[in-house]
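1. Fold the following, please.
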Amino acid sequence: MYALTRLSPEVRQYLLVTGNYWAFTLTDGALRMLVVLHFHSLGYTPLQIAALFLFYEIFGVVTNLVGGYLGARLGLNRTMNIGLGLQVLALLMLTVPAAWLTVPWVMGAQALSGIAKDLNKMSAKSSIKLLVPDSQQGTLYKWVAILTGSKNALKGVGFFLGGALLAVLGFTGAVLAMAAVLALIWLASLVLLKKDLGKAKAKPKFRDMLSKSRAINILSAARLFLFGARDVWFVVALPVYLSTVFGWDFWLVGGFLAAWVIGYGIVQSFAPRITGKQSGHVPDGRAAFVWAALLAGLPALIALGLSTTWSAQIVLLGGLLLFGVLFAVNSSLHSYLIVSYAKEDGVSLDVGFYYMSNALGRLIGTLLSGWVFQAYGLQACLWVSSAFVLAAALISMALPRHREAGRQA
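-> This next block holds a predicted model:
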């Protein structure tokens, strides 16, 4: 506590925002696993399960665009608290009697959850830009990597938590328990988050929501395809495949996907070391292209491996682990570049625009994950994934070469 009191008010506020983001992430990961596994057990098809997340992703697109504008006008503490409150409401919507859990009702709850998630993400990612001088790009890269990696590691814990709570408490009990804990965190946040962190000096106009930066527009397009490439096989196709083809139970599916996302988050945290920061380099547009190109052929190789006589479990699980490592580095590079490219005054406008494209990629990937898997199987999802990563790599060739600043970290 003494150490916390010696920190600047801005850093203390950022730590509170990050803590809220971590708590939210646990419930977000757990809720996704709960919905996928519970409704699959009720006999829903993969496409129907994907449809449950349709509004989650659609409203994520809108929220990132509008949320960046709100963050610049109102302050990131307020957007964070709005997000926490909406997530509590979304969880409570799913505690109604089973007869009420129709597809439109669940989609509505997921819509609120999608709004909440992206308000929280935008608030946390935007805050870090305000704490690191532009001259210290290496430090900025390191802080962004730690924030992004720790968030994804906790999301993995949330996957496991969702599977475990479903097995122990059932769907309604699990959702109610998460709503109660998050409500306490939300109340504490209302009291503790007081500073208008990230509030723009000049009131942004509504038209300022659309980015005018060429670098941010290009990076946003690459991000769309990169995250579409992940979700086209990871969101619906993979957990259903593990459950139906491999015969895994809720504990095993949730535990494995949790371990994968935790490992993915750890790799993200160490991405600066992997990409050469220790030797005085920070990534630029060329690095984004190179790492995307390295990833592009891997899903196709996994698909080809599943067509052979080799063990499907070894091919799929081994390929998934390698995919996680390469994808984590790509994601961490992108997260650094957007914060680096964003202008400091009203940073949430640029970050919100960028994560709008991230949400759009997730939306496309989620829909394709259900439809392509149901119509053509997991291998087709993997081929689509390779095509998407290749598109991200080609788009990244147009990114500017970022100035070397790692030696100032």
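
2. I'd like to know how many residues surround residue 338.
-> 26 (other Cβ atoms under 10 Å). For glycine as for every other residue, the C-beta is placed from the backbone atoms N, C-alpha and C.

3. Sticking with it, tell me its helix or strand.
-> Take DSSP states H and E as the rule and residue 338 turns out to sit in helix 312-341.

4. tell me how far that helix is from the chain's mean position?
-> Remark: helix 312-341 is offset 12 Å from the chain centroid, using Cα atoms, centre = their mean, to the nearest Å.

5. For stretch 124-140, give the mean pLDDT please.
-> In this model, stretch 124-140 has an average pLDDT of 64.

6. which regions of the stretch 151-300 of the chain lie under the pLDDT threshold?
-> Confidence mapping of the stretch 151-300 of the chain against pLDDT under 70 gives the ranges 194-212, 276-281.

7. returning to that earlier point: in the helix holding residue 338, what counts as buried?
-> Residues of helix 312-341 classed as buried by neighbour count (16 or more other Cβ atoms under 10 Å): 312, 315-316, 319-320, 323-341.

8. again, but for stretch 53-70
-> For stretch 53-70, burial by neighbour count (16+ other Cβ under 10 Å) applies to 53-61, 63-70.

9. Which residues does that stretch contact?
-> Residues outside stretch 53-70 that contact it (Cβ atoms under 8 Å, 6 or more residues apart in numbering) are 32, 35, 78-79, 107-108, 110-115, 117-119, 122, 126, 204, 206, 208-210, 235, 348-356, 358-360, 362-363, 366-367.

10. Surely residue 339 and residue 354 touch.
-> No - with contacts defined as Cβ atoms under 8 Å, residue 339 does not count as touching residue 354, sitting 9.2 Å away.

11. do you know how far residue 160 is from residue 181?
-> Using Cβ to Cβ, to the nearest Å, residue 160 is found at 16 Å from residue 181.

12. So between those two, which is more surrounded?
-> More neighbours surround residue 160 than the other of residue 160 and residue 181, with 22 against 14 (other Cβ under 10 Å).

13. For that one, give me phi and psi.
-> Residue 160 adopts backbone torsions of phi -60, psi -40, taken as degrees, to the nearest 10.

14. sorry, back to before: which strands and helices lie in contact with the helix holding residue 338?
-> helix 103-129, helix 137-192, helix 214-234, helix 250-269, helix 271-274, helix 285-296, helix 298-306, helix 347-376 (3 or more Cβ pairs under 8 Å, 6 or more residues apart in numbering; DSSP states H and E).

15. Save these as a markdown table, and put in distance to residue 44 too.
-> Putting the helices and strands packed on helix 312-341 into a markdown table (distance: least, Cβ to Cβ, whole Å) gives the following:
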| stretch | distance to residue 44 |
| --- | --- |
| helix 103-129 | 9 |
| helix 137-192 | 13 |
| helix 214-234 | 18 |
| helix 250-269 | 15 |
| helix 271-274 | 36 |
| helix 285-296 | 31 |
| helix 298-306 | 24 |
| helix 347-376 | 10 |
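
16. Out of the ones you listed, which gets nearest to residue 88?
-> Of all the helices and strands packed on helix 312-341, helix 137-192 sits nearest to residue 88, with 4.9 Å by Cβ to Cβ.
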